[in-house]
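Visitor: What shape does this take:
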Amino acid sequence: MTEEDRPRYFFTFNSTSIVTIRSPSAIIILMDRSSYRIIDANFNRAREACRVIEDLCRFALNSGPLSARAKQLRHELCAIIGKLDSAKLLSARDTISDVGVGRQVPGQLPRTCVDDSLTAACKRLPEALRVITETLKPDEPQLADAVERLRYEFYTLEKDIMLSSANAKFAKTRLYIVITSDDPLEIINLTNRCIAGGADCIQLRSKNLPAGKLFTTAVQMCRLCQAANVLCVINDRADIAVAAGADGVHLGQDDLPNEQARKLALAPLLTGKSTHSIDQLKAAVEELPTYVSLGPVFPTGTKPDAPAVGLEYVTAGTKFLADKGIAHVAIGGITVENVADVIKAGARTVAVCSAVTQAADPAAACRALKAKIEAFLP
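Guide: Got it, this is the predicted structure:
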């Protein structure tokens with residue numbers, strides 16, 4: 001074979017230089033090196049994104065479970081990449097001559113708040129995992145499958161994180177009013193008065209109104225609430241909540257599970273879950289609701305057969321929820337006279353029914369309650 005007959009391979013490393021490689025074995029070496037370089041870069045990218053997500057879940061969303069899931073994903077990724085030759089990964093790294101370092105393109109997501117950083121990390125992580133998967137496939141198909149599994153696990157985690165982030169607007173709720181009525185005119189009248197009185201969230205609890213009338217009433221109520229930037233929640237009926245465009249649905253112990261209720265929604269749906277004991281509270285947390293209700297704190301005419309759980313449950317419940325990333329609402333027999341005790345017991349959100357809806361002036365009753373709550377809470 002003459003010199004001219006020998007195979008030549010051309011690789012362009014930059015815009016000005018072309019390297020000719022004569023030995024096919026040299027190609028294997030360079031391809032191996034470039035693969036390790038790609039894996040190293042994307043492993044670092046994915047690991048860093050995981051850590052950002054983990055810490056924002058921990059410190060911004062205050063969610064121990066979400067933070068733990070991000071941490072677990074990071075450790076599993078490290079274990080998978082740890083099965084490769086670490087010396088080759090490090091020797092392939094070449095940050096100085098990396099043509100992508102510092103490169104900016106128009107339209108990149110700006111970082112104006114914590115939410116932007118979380119969104120960026122959630123987009124960066126699966127992209128890096130996909131690149132690692134594709135690079136590993138030819139030589140390490142089992143490791144590629146393991147990384148791909150992590151990518152799909154993250155898609156579920158991302159959804160739960162985004163739901164938790166969307167729930168942040170509920171965290172500002174202080175006064176939550178429950179309108180228990182089967183009269184559409186009374187419901188709309190009370191909604192207007194509670195909005196005027198400063199309610200942060202209003203729940204429609206109608207047990208006997210036919211579905212058609214419940215839906216049309218819920219639509220009117222939702223429009224009034226949303227125009228005033230007040231959250232609107234429908235009791236029990238996830239279908240009505242979704243169809244009417246409500247912000248959320250409140251579910252009892254015997255109602256549809258939170259996960260199934262959310263499957264009906266076309267947009268993030270706030271979900272609440274009633275609890276009356278620590279055991280029920282622990283079970284409810286597993287469903288990842290937006291908030292749980294703790295009560296009835298005091299005897300209440302709204303649920304005369306439900307025994308009061310007392311301020312002790314408010315204290316125990318709020319302590320249990322402290323690192324769960326799930327909000328709470330103290331409910332049951334709360335009035336302007338005893339609301340201070342409920343706040344002192346640990347509640348940050350208070351739900352009231354008859355103390356407002358049966359008052360001669362519901363708007364004034366709301367204002368009095370809101371003033372008492374805000375005297376203790378920022």
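Visitor: Confirm for me that Gln203 is in contact with Thr173.
Guide: No: contact criterion C-beta atoms under 8 Å: Gln203 and Thr173 do not qualify, at 11.1 Å. No exception for glycine: its C-beta is placed from N, CA and C like everyone else's.
Visitor: the more surrounded of those two?
Guide: Gln203 (25 against 20; other C-beta atoms under 10 Å).
Visitor: In three-state terms, how would that one be classified?
Guide: strand (DSSP: H, G, I helix; E, B strand; the rest coil).
Visitor: List the contacts of it.
Guide: The neighbours of Gln203, taking C-beta atoms under 8 Å, 6 or more residues apart in numbering as the test, are Tyr176, Ile177, Val178, Ile179, Cys232, Val233, Ile234, Asn235, His250, Ala351.
Visitor: Would you quantify the distance from the spatially closest residue to Ile234 that is not a sequence neighbour to Val285?
Guide: The shortest distance from Ile234 to any non-neighbouring residue, by C-beta to C-beta, 6 or more residues apart in numbering, is to Ala241 (3.9 Å). Per C-beta to C-beta, to the nearest Å, Ala241 is found 21 Å from Val285.
Visitor: More neighbours: these two, which one.
Guide: Each of Ala241 and Val285 has its neighbours counted (other C-beta under 10 Å); Ala241 has more, 28 against 18.
Visitor: Where does pLDDT dip in the protein?
Guide: 1-31, 105, 107-109, 166 (pLDDT under 70).
Visitor: What are the boundaries of the strands in it?
Guide: For the chain, applying DSSP state E gives strands covering 9-12, 18-21, 175-180, 201-205, 231-235, 248-251, 270-275, 291-294, 327-331, 350-352.
Visitor: can you redo those as CSV with distance to Ile39?
Guide: Conversion of the strands of the chain to CSV gives the following (distance: least, C-beta to C-beta, whole Å):
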stretch, distance to Ile39
strand 9-12, 19
strand 18-21, 22
strand 175-180, 50
strand 201-205, 48
strand 231-235, 46
strand 248-251, 43
strand 270-275, 40
strand 291-294, 43
strand 327-331, 41
strand 350-352, 52
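Visitor: Of all the ones you listed, which one is nearest Asp305?
Guide: strand 270-275 (13.8 Å; C-beta to C-beta).
Visitor: What strands flank that closest one, and is each parallel or antiparallel?
Guide: strand 248-251 (parallel), strand 291-294 (parallel) (DSSP bridges).
Visitor: Mind checking those for the one nearest to Ala218?
Guide: strand 248-251 (10.6 Å).
Visitor: for the closest one, which positions count as buried?
Guide: Gly248, Val249, His250, Leu251 (16 or more other C-beta atoms under 10 Å).
Visitor: Now the third one. Nearest residue, chain neighbours left out?
Guide: Put plainly, it is His250. Gly272 is the one closest to His250 (C-beta to C-beta, 6+ apart), at 3.9 Å.
Visitor: Counting neighbours, which bits of the longest helix along the chain end up buried?
Guide: Criterion DSSP state H: the longest helix present in the chain is helix 24-59. Using 16+ other C-beta under 10 Å as the test for burial, helix 24-59 gives 35-43, 45-47, 49-50, 52-58.
Visitor: where along the chain do the helices fall?
Guide: So, for the chain - with DSSP H - the helices run 24-59, 64-81, 86-92, 114-136, 141-166, 184-196, 211-227, 238-244, 258-264, 278-285, 310-321, 339-344, 354-357, 362-376.
Visitor: In a markdown table, list those along with distance to Gly333.
Guide: Output for the helices of the chain, formatted as a markdown table (distance: least, C-beta to C-beta, whole Å):
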| stretch | distance to Gly333 |
| --- | --- |
| helix 24-59 | 35 |
| helix 64-81 | 31 |
| helix 86-92 | 63 |
| helix 114-136 | 38 |
| helix 141-166 | 30 |
| helix 184-196 | 18 |
| helix 211-227 | 24 |
| helix 238-244 | 26 |
| helix 258-264 | 26 |
| helix 278-285 | 19 |
| helix 310-321 | 10 |
| helix 339-344 | 10 |
| helix 354-357 | 8 |
| helix 362-376 | 13 |
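Visitor: if I pick the residue nearest in space to the middle of the chain, what's in contact with it?
Guide: In the chain, the residue lying closest to the centroid (C-alpha atoms, centre = their mean) is Ser164, at 1.8 Å. Residues near Ser164 by C-beta under 8 Å, 6+ apart: Cys57, Leu61, Ser63, Leu66, Leu288, Gly325.
Visitor: same question, Lys319
Guide: Gly346.
Visitor: Repeat the analysis, applying 6 Å as the threshold.
Guide: The contact partners of Lys319, by C-beta atoms under 6 Å, 6 or more residues apart in numbering, come to none.
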